[in-house]
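A.B. asks: For reference, the sequence and a predicted model appear below.
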Amino acid sequence: MAALRVGVDIGGTFTDVVAIDETGRRSLGKSLSTPREPETAVLRGLEEAVLGGGHSLSSITQIIHGTTLVSNALIERKGARTALLTTHGFRDQLEIGNEGRYDTYDLFLRRAEPLVPRCLRFGVPERVLADGTVAEPLDEAAVRELTSQLADHGVEALALSFLHSYRNSRHEEQAAAIVREALPHVAVSLSAEVDPQIREHQRASTAVANAYVQPFVERYLTNLARELRGRGIDAELLVMTSGGGLCGVETAIRFPVRVLESGPIGAVQAGVFHARGSGDPNLVVFDMGGTTAKVCLVDHARALTTSEFEIARSHRLKRGSGLPIRAPVVDMIEVGAGGGSIADVNSLGLVTVGPESAGADPGPACYGLGGSAPTVTDADLILGYLSPSRFLGGRMALDVDAAARAVGDSLAGPLDLEVVQAAWAVHQVVNEFMASALRVHAVERGKRVEDYSLFALGGAGPMHACHVAKTLGVNKVISPNGAGVASAFGFLCAPVSFASVRSYYEQLDQVDWNRARELLQEMELEGLKLLQEAGCPQRDAHVAYLCDMRYCGQAHEVTVPLRQGVLAETSAEDAVRLSFRESYEALFGEAPELPVECLNWRVVLTGPDPRIPPQNWKAAPAAPPPAEERSVYFPEGGFRDAPVFRRADLGSGVNLPGPAVVEEDQSTFVLPPGFDLEIDLTGNLIATRR
Amino acid sequence: MAVPSSGRATAQLEVQVLWNRIETLVEEQARALIHTAFSNILSEGADLSAAVFDTSGNMIGQAVTGTPGHINVTGVAVRNFLRKYPAGSLRPGDVLISNDPYGISGHLLDIAVVTPVFMGDDAVAYVASICHTVDIGGIGYTLAANSTFEEGLYLPYLKLYKAGRPNEDVHEIIAANVRAPDQVLGDLRAQVAGNSVAARGLLELMEEFGLSEVDSFSADITARTERAIRSAIEKVPDGTYTNELMMDGAEKDIRLCASVRVEGGAVTVDFEGSSSASELGLNVCYNYTAAYTIFAVKAALAPDVPNNEGTFRPVTVVAPRGSIVHAIHPQPTQARHVVGQAVAEVVLGALAKAVPEDVICEGATPLWILSASGQRPDGSPFSFTFFTSGGMGATAKGDGLSATMFPSGARGTPVEIVEASSPLLFLRKELRADSGGAGQYRGGCGQVISFRARTGLPWRLPTMYGRTAFPAQGLRGGAAGARGSATRNDTETLEPMNSYVMAPDDVVTLLLPGGGGYGEPGARERDAISEDVANGYVSGACARDDYGFAEDGSQP
């Protein structure tokens, strides 16, 4: 009997399922998501994929899933009624934050509302100092008294975040024990467990978010496991984390804040899989959808990660307008530029695109659903990139005249341009926006974008990819086969992984290396245990030690990899300093000889990458006759007839010169003049600049 | 029309793309700086500016990070450099430096670094940044000096690098005069490196687009910006709108007067009538006054228009020489932000008389700067500076933000970082109930902050803050916010512009001011008042007195 691994991506609209057997054969399932009880859609999709592939449900050995539901619950404020317990005198840290504004000129600026209203923030007498010593013991009676208030307020979840608990967690633990005893049904999150790092605002914000979504995640995962068992499926259940690894159900329930961004990670993992098996280890994963574009760097077949992000950005996706969360996360940037993004002329007489979006309803003008504002999709239609008759596999006709009217009225008219010139301006501007965001991101990570290939996904990604590549000076564009279910497939490519962090803030020359070693070993043991629970034996785990370091006085840390065994050496200090200098130089070009300090110590444990046999695509070296010819606009010479191919008709080995268009149901690949296209052995479209 | 349509389209697209790329360049420059800077104020508070200029010193584009006091001064600063070093006198690899407090951004702590961008033998553009450095010697970051000579090292317009080689004399003089030479020189290196990131990018851009100069592009984009600003100003009814405010001073209270004349697409702001200069470092140079004036005009009338030379042209600033808003050499200026930030408030208050729905009520301006210093038990010195803030004013659209810096773009430092890096200990830091001015929209709440030192030794605390005598005023019937105050051991009131030696066990308690309210309190939504009471932003007593509620928060 075949051993099946199944990837499940529960999106806001659809739940996608990919089942894969040992030979690498894939079968797919798709069902409408059921956000109230997500397990229903999962089971439907699972049955379609597994039974449709000729397998039995009992042959499933592993189910890996990721979802946007957790972050949606947070963004839509549909989580539990949550309270915060903190050190007396500091209950407003959630609201005070860094006291800054994220936009200099906006007098009407709004901040993200904290998840806990002020009436549910409570201070209790206790105090731990920065070195971990107790200045004032926890007033246990006060905590006990508070529990009845919590009950009166109907609190369902509670976060505890005391000052300096990253250094000494005793008080949080004591208080948690009291609350758990009095209110056993309340979900309790300790900041010292969820995010044991210095900076009280971020730690409290992370603990609160964890508490806020915990009841939902627990309910859903428990139900899912029960339903699966009910169907006779005795499979290992794993969850995709935001950081690009997998974890067990227990871990996901305890630290739901780690799976917040699991939905979009699947696409990145699909890129990682490609990077592993191909000659393109460095990729820019470029996922352009209806309202936003997401971009992520994959470096030597590893997605770049970071340890802090913001969720629920309230204003135009601006940095600083969301809630800070500290948890390992793939470093993805999101730009308000998708197919539905609205184009306009700004006060300088220049075209701008987004972040306002026409959404799905009314949608772009060309949908004919009442939208009159010109969008990126309207421009792409006018330029001939999109087919008016074959959008979504022909299920939806697009109105070219409506698109031209919208672009004409709002853009071409005011700018005194022809409609097609205005449409090209929109296409170009949105490409420039995405390219700029990526360039700044690459500089911050010390990378050169020219060293990467573009891996294009999403409904609009393949249409814009080659022009974006040209703008960036990137020479190669990959449009993967099976992009429609890339996310669910990507989950199957991820290894089991767990990352831990502890703050130990000290000048490098003052570090107590025994203490540092103990911290790291403690985290390593904890991680190994969790990995084992997720099915990865200890001997297979890869261990990495890291430390967040900076020059004394700086506010930004660099995460520095520490060589194995370095802490045991007598010259640990010099060796760690050298590692810091190397990392610093790689990022900023020059590392001065100045005092250095350590803030956070990290351990990342990773299981082996799952082996997935490549799926061979049919070979057919000769290009078939095009399905049609269409008039397509390129700045080099204006409209011209270009051949249009169906993706399914192109076998591996085919070579085509641009211009050409390749269509499939969910997306359209545009190959501009100056690019050549090749279909590789697995059916990927590979475009290279001449 | 003479231009064929395809030519016009090309020109339009080129401007479009170039503009986007230049915005990206300066952003890259700023990020590189923030990440490598040593000054807590700079890297945590983003107290810097980064920008690109044409050959006449017109600012083309600027990074969006930063604080208004820096944003709008760089244009004038670069012209001052060019006056000393006309184009022909510079060579590739030269880098210029100065901290002229009267010609750049108002105090010696701000250092400007300017790099000419050469294409072949010609300087085709300039890249500049201004950063708040860690230390500049002299008396330190306090307003106590009586002249610039006491405030620290004054660097006239100099070459920091000559033809790619460090000017060792300048480096040595700086190193010998500041308390943290490694960090100060480290910041300068970061500035030089950031400038070269932008310079290199600009050259690549020019090559890609086949440009031999950027002056024409600069002329185009600044003209577009100027038109946009002028058309925003045209929407304001012509007239002269005056305002004045009183604020805490050092020797005496300070009066700021602003008369804003709107005429078509131009604004003239005249500060005639404002107080004469202070004996202490509260004086603001003309440049810094202009910066916050332009900030106020732009934020109220055209917040979305980019910032460049075109933004400045429609606004004329008149400030009497030698007054507190136009410092002249050698008047002391170290704490110029106190009055400088109030400049934005007095101008916004004047504009409120013309366009009340576009402005914001007075808030807790300026930010509160606390700079504790002393000795640790082992005898080693400590010194720690952090910023904190009261509440912002309300607007026609919503309540003021609590505990938020305005108009400064700076940020606070976490309690845990302060405690881990210094012997200071906080006893309390939370929002201050009843501090936001009542109104249809309530002013933002201030904070209550108590702290002490754990050294067992006496320690020093200079005070640099405001609104202890003059609360933030509301607009259109909204009430004033609560005044600020500071006490020692809850008994002795501290003065705002002074310096104290604290006893080992002294506890300092700060009550930070609240923002002004907007509109009649009677027009506030009843549910919003109930919520405020439930959440403790407003006490029952206040709900009764200000809004006519029953004391338990129930609606009448």
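C.D. replies: Great, that's in hand. Residues are numbered from 1 along each chain as shown, chains lettered A, B, ... in the order given.
A.B. asks: hey, where'd the helices end up in the stretch 201-350 of chain A?
C.D. replies: Using DSSP state H, counting those that start in this stretch, the helices of the stretch 201-350 of chain A run over A:249-254, A:262-277.
A.B. asks: Comparing those, which yields the minimum mean pLDDT?
C.D. replies: When the helices of the stretch 201-350 of chain A are compared on mean pLDDT, helix A:262-277 scores lowest, with a mean of 90.
A.B. asks: Surely B:Arg8 is in a helix?
C.D. replies: Yes: the assignment for B:Arg8 (DSSP: H, G, I helix; E, B strand; the rest coil) places it in a helix.
A.B. asks: returning to what we had before: chain B is nearest to which of the helices of the stretch 201-350 of chain A?
C.D. replies: helix A:262-277 (22.8 Å; CB to the nearest CB). (Each C-beta comes from the backbone N, C-alpha and C, glycine too.)
A.B. asks: could you pull out the strands for the stretch 101-250 of chain A?
C.D. replies: A:121-124, A:127-128, A:134-136, A:157-161, A:187-190, A:236-240, A:246-248 (DSSP state E, counting those that start in this stretch).
A.B. asks: just checking, what packs against the shortest one?
C.D. replies: Helices and strands touching strand A:127-128, by 3 or more CB pairs under 8 Å, 6 or more residues apart in numbering or on different chains; DSSP states H and E, are strand A:134-136.
A.B. asks: Looking at the strand it packs on now, give me its mean pLDDT.
C.D. replies: 98.
A.B. asks: contacts for that strand?
C.D. replies: A:125-129, A:168, A:170-171, B:425 (CB atoms under 8 Å, 6 or more residues apart in numbering or on different chains).
A.B. asks: could those be laid out in TSV, adding neighbour count?
C.D. replies: As requested, the contacts of strand A:134-136 are exported to TSV (neighbours: other CB atoms under 10 Å in any protein chain shown):
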residue	neighbour count
A:Pro125	15
A:Glu126	26
A:Arg127	21
A:Val128	24
A:Leu129	17
A:Asn168	18
A:Arg170	16
A:His171	26
B:Leu425	18
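A.B. asks: Just read off the phi/psi values of the closest residue in space to A:Leu530 that isn't next to it in sequence.
C.D. replies: The spatially closest residue to A:Leu530, leaving aside those adjacent along the chain, is A:Phe498, at 4.8 Å (CB to CB, 6 or more residues apart in numbering or on different chains). With angles defined as degrees, to the nearest 10, A:Phe498 shows backbone torsions of phi -150, psi 130.
A.B. asks: ok, back up a step: buried deepest among the helices of the stretch 201-350 of chain A, which one?
C.D. replies: helix A:262-277 (a mean of 26; mean count of other CB atoms under 10 Å in any protein chain shown).
A.B. asks: Can you tell me the element residue 430 falls in?
C.D. replies: Because you didn't say which chain, this covers chain A. Using DSSP states H and E, A:Val430 maps to helix A:419-444.
A.B. asks: my bad, the chain I had in mind was chain B
C.D. replies: strand B:424-431.
A.B. asks: buried sites along that strand?
C.D. replies: Within strand B:424-431, the residues scored as buried using 16 or more other CB atoms under 10 Å in any protein chain shown are B:424-431.
A.B. asks: Kindly report the same for stretch A:41-55.
C.D. replies: Those would be A:41-46, A:48-50, A:53, A:55, for stretch A:41-55 by 16+ other CB under 10 Å.
A.B. asks: For these, give me JSON lines that also has secondary structure, pLDDT and distance to chain B.
C.D. replies: Formatted as JSON lines, the buried residues of stretch A:41-55 follow (DSSP: H, G, I helix; E, B strand; the rest coil; pLDDT from 0 to 100; distance: CB to the nearest CB, whole Å):
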{"residue": "A:Ala41", "secondary structure": "helix", "pLDDT": "92", "distance to chain B": "37"}
{"residue": "A:Val42", "secondary structure": "helix", "pLDDT": "93", "distance to chain B": "39"}
{"residue": "A:Leu43", "secondary structure": "helix", "pLDDT": "93", "distance to chain B": "42"}
{"residue": "A:Arg44", "secondary structure": "helix", "pLDDT": "93", "distance to chain B": "43"}
{"residue": "A:Gly45", "secondary structure": "helix", "pLDDT": "93", "distance to chain B": "42"}
{"residue": "A:Leu46", "secondary structure": "helix", "pLDDT": "93", "distance to chain B": "45"}
{"residue": "A:Glu48", "secondary structure": "helix", "pLDDT": "93", "distance to chain B": "45"}
{"residue": "A:Ala49", "secondary structure": "helix", "pLDDT": "93", "distance to chain B": "43"}
{"residue": "A:Val50", "secondary structure": "helix", "pLDDT": "94", "distance to chain B": "48"}
{"residue": "A:Gly53", "secondary structure": "coil", "pLDDT": "90", "distance to chain B": "47"}
{"residue": "A:His55", "secondary structure": "coil", "pLDDT": "93", "distance to chain B": "50"}
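A.B. asks: Output these as JSON lines; include the columns distance to B:Ala190.
C.D. replies: Below are the buried residues of stretch A:41-55 laid out as JSON lines (distance: CB to CB, whole Å):
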{"residue": "A:Ala41", "distance to B:Ala190": "52"}
{"residue": "A:Val42", "distance to B:Ala190": "51"}
{"residue": "A:Leu43", "distance to B:Ala190": "56"}
{"residue": "A:Arg44", "distance to B:Ala190": "56"}
{"residue": "A:Gly45", "distance to B:Ala190": "52"}
{"residue": "A:Leu46", "distance to B:Ala190": "54"}
{"residue": "A:Glu48", "distance to B:Ala190": "57"}
{"residue": "A:Ala49", "distance to B:Ala190": "54"}
{"residue": "A:Val50", "distance to B:Ala190": "57"}
{"residue": "A:Gly53", "distance to B:Ala190": "57"}
{"residue": "A:His55", "distance to B:Ala190": "59"}
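A.B. asks: Contact partners for the residue lying closest to A:Ser27 once chain neighbours are set aside?
C.D. replies: In space, and not counting its chain neighbours, A:Ser27 is closest to A:Gly53: 2.8 Å by CB to CB, 6+ apart. Each residue near A:Gly53 by CB under 8 Å, 6+ apart is listed here: A:19, A:21, A:25-27.
A.B. asks: My impression was that B:Val192 belongs to a helix - is that right?
C.D. replies: Yes: looking at B:Val192 with three-state DSSP, it is inside a helix.
A.B. asks: Could you check how many residues crowd around it?
C.D. replies: Look at B:Val192: counted by other CB atoms under 10 Å in any protein chain shown, it has 18 neighbours.
A.B. asks: Same check on B:Lys397?
C.D. replies: Around B:Lys397 there are 12 residues (other CB under 10 Å).
A.B. asks: Give me the pLDDT for it.
C.D. replies: Value for B:Lys397, per-residue pLDDT: 96.
A.B. asks: which SS class is A:Phe491?
C.D. replies: Per three-state DSSP, A:Phe491 ends up helix.
A.B. asks: So what's the residue count around it?
C.D. replies: There are 27 residues near A:Phe491, going by other CB under 10 Å.
A.B. asks: Just give the closest residue to it, not the sequence neighbours.
C.D. replies: A:Phe491's closest residue in space is A:Gly7 (CB to CB, 6+ apart), at 4.0 Å.
A.B. asks: Report the contact partners of the one you found.
C.D. replies: Applying CB under 8 Å, 6+ apart to A:Gly7 gives the contacts A:17-20, A:64-65, A:266, A:488-492.
A.B. asks: element containing it?
C.D. replies: Going by DSSP H and E, A:Gly7 is in strand A:4-10.
A.B. asks: Now the element after that strand, going C-ward?
C.D. replies: Downstream of strand A:4-10 (by DSSP H and E), the next one is strand A:14-20.
A.B. asks: just checking, what packs against the helix or strand that that following strand is followed by?
C.D. replies: Toward the C-terminal end, the helix or strand that comes next after strand A:14-20 (DSSP H and E) is strand A:26-32. Identification of packing neighbours for strand A:26-32 by 3+ CB pairs under 8 Å, 6+ apart yields strand A:14-20, helix A:38-52.
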